[in-house]
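Here you go, sequence then predicted model.
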Amino acid sequence: QWQLVESGGGSVQPGGSLRLSCTASGLSLDYYAVGWFRQAPGKEREGLSCISSSGENTNYADSVKGRFTISRDPTKKTVYLQMNNLKPEDTAIYYCATTSRSIIGSTCNWNAYTWWGQGTQVTVSS
């Protein structure tokens, strides 16, 4: 049984940084594209960033472009989301997800991802 686990969430002041991690049990993420998503109360799920299995291709939502960076470390079988210059509107539950595909499209569409973690809360507040 596949299981994705997110970690690294927490509370931070505006302008601060967090790094989220996504690991998997029961499968190796190395072969699959991975995406980061978030959902705030009362809002739709938003695709933030996705990365291909090779790590060569990435995409970002306009809302996070220039502030967030997705990466993967095959040696640790982990996908990261480095989040800098956090804003109060970044407050949400953050999820990682994966798919049976190795490639990604031009946008990070949550409909294309099949297996999801439980999420980690990120709160940005002064």
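Perfect, I can see it now.

can we go C-alpha only for contacts and neighbour counts from here?
OK.

Would you agree residue 82 is in contact with residue 66?
No. The pair residue 82 and residue 66 does not pass the contact test of Cα atoms under 8 Å, sitting 10.8 Å apart.

Those two - which one has more neighbours?
When neighbours are counted by other Cα atoms under 10 Å, residue 82 and residue 66 differ, and residue 82 comes out ahead with 16 against 12.

ok, for that one, nearest residue in space, not its chain neighbours?
Closest residue to residue 82 in three dimensions, ignoring its sequence neighbours and counting by Cα to Cα, 6 or more residues apart in numbering: residue 19, at 4.4 Å.

and residue 100, what helix or strand is that in?
Here residue 100, judged by DSSP states H and E, is contained in no helix and no strand.

tell me the contacts of residue 6?
When contacts are counted by Cα atoms under 8 Å, 6 or more residues apart in numbering, residue 6 is found next to 20-23, 95-96, 117-120.

change it to 10 Å
When contacts are counted by Cα atoms under 10 Å, 6 or more residues apart in numbering, residue 6 is found next to 20-24, 36, 78-80, 94-97, 116-121.

follow-up on the earlier one: the residue nearest to residue 82 sits in which helix or strand?
Remark: residue 19 resides in strand 18-25, with elements defined by DSSP H and E.

Mind giving me the packing neighbours of the helix or strand following that strand?
Along the chain past strand 18-25, the next helix or strand (assigned with DSSP H and E) turns out to be strand 34-39. Applying 3 or more Cα pairs under 10 Å, 6 or more residues apart in numbering; DSSP states H and E, one finds that strand 34-39 contacts strand 18-25, strand 46-51, strand 58-60, strand 68-73, strand 78-83, strand 92-98, strand 115-116, strand 120-124.
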